[in-house]
Structures are given as C-alpha cells and as structure tokens.
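Visitor: Here is a sequence with its predicted model. Questions after.
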Amino acid sequence: MDCLTFRKNINAYFAKSLSDDELNEFLRHLSQCETCREELEINFIVSEGIGILEEENHDYNISRAYESMLQKDRRHIQVIRVVRVFTYAMDTLCFWSILFCGLLFLHILIFR
Ligand SMILES: [Zn+2]
C-alpha cells in the first residue's frame, strides 16, 4: 500500500469498513511510514477525539485511546492470521486423510 491509498482509507478505517486484508495492509503501511502515522494520529484526534471528549467516561487521554485502537486492530489481525493457518492445516489434514482412506480402501479391495 502506498501513502495515497493509505490516506484514502483513513475514513474507512475509522468507520471499521476495511476488509481484513485491507486492514492488514493498512496496519503494515502504518508501521513502516512515519508520515502516515502522523496523518492518522491527526485524523484520529480531529474526528474521533472530539467524540471521546463528549463521552460520559471522560477519558481525556487521546493518545492512549489512539494506541488502544491500534493495539486492538493489531490483535484482530493476529487472530485472523492464526485462524487462517489453522484452517489451512485442517484442510491439509482432511485432504491427506481422505487420500489415505481411499488408498486403504483400494488396498483392501485388491489384496483381500
Ligand atoms: Zn505512507
């Protein structure tokens, strides 16, 4: 993802409308680009920070809220990665199990 695409996706990020793959690319670019990190933080303070200040709980630490949001999204991406690896492992296990059962069945038919 380049800086222009990143900036186009900032509103979608705040609206939580990025797909998991888009979110992964978004966070990857964020970790590599200081300019976009600053851009996102400024956008967060302007768009989300005002809403936080109006909440009942009055947590005025916007930087902490910003870091908390990023932390939560990074955890989400990590969970998605684990689920994908688990799904891939289960698919592979199912494939080899079915193949093994088929070969065992043929062996029984031929050599009984
Ligand atoms: Zn950038």
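Guide: Alright, I've got the coordinates.
Visitor: mind checking how far the residue minimising distance to the centre of the chain is from the ion?
Guide: Most central in the chain under CA atoms, centre = their mean is residue 77, positioned 2.7 Å from the mean C-alpha point. Separation of residue 77 from the ion (CB to the ion, to the nearest Å): 18 Å. Yep, even glycine has a C-beta here, placed from its N, CA and C like the rest.
Visitor: tell me the contacts of that residue?
Guide: Neighbour list for residue 77: 20, 23, 24, 27 [criterion: CB atoms under 8 Å, 6 or more residues apart in numbering].
Visitor: Go again with 6 Å.
Guide: Contacts of residue 77 were listed using CB atoms under 6 Å, 6 or more residues apart in numbering, and they are residue 24.
Visitor: Quick check: mean pLDDT of the one helix or strand it maps to?
Guide: With elements delineated by DSSP states H and E, residue 77 resides in helix 62-111, which encompasses its position. When the per-residue pLDDT values of helix 62-111 are averaged, the result is 94.
Visitor: For this structure, which residues are neighbours of the ion?
Guide: Proximity of the chain to the ion is assessed by CB under 5 Å from the ion, with 3, 33, 36 identified as the residues in range.
Visitor: And these, which of them are buried?
Guide: For the residues of the chain next to the ion, burial is judged from neighbour counts taken by 16 or more other CB atoms under 10 Å, and it is met by 33, 36.
Visitor: and residue 65, how many neighbours does it have?
Guide: A count of nearby residues for residue 65, using other CB atoms under 10 Å, gives 18.
Visitor: Report the separation between it and the ion.
Guide: For residue 65, the distance to the ion (CB to the ion) stands at 22 Å.
Visitor: State the distance from that residue to residue 48.
Guide: Distance of residue 65 to residue 48, given as CB to CB, to the nearest Å: 7 Å.
Visitor: ok, now residue 17?
Guide: 15 Å.
Visitor: more neighbours, these two?
Guide: It is residue 48, of residue 17 and residue 48, that has more neighbours when counted by other CB under 10 Å, with 15 against 11.
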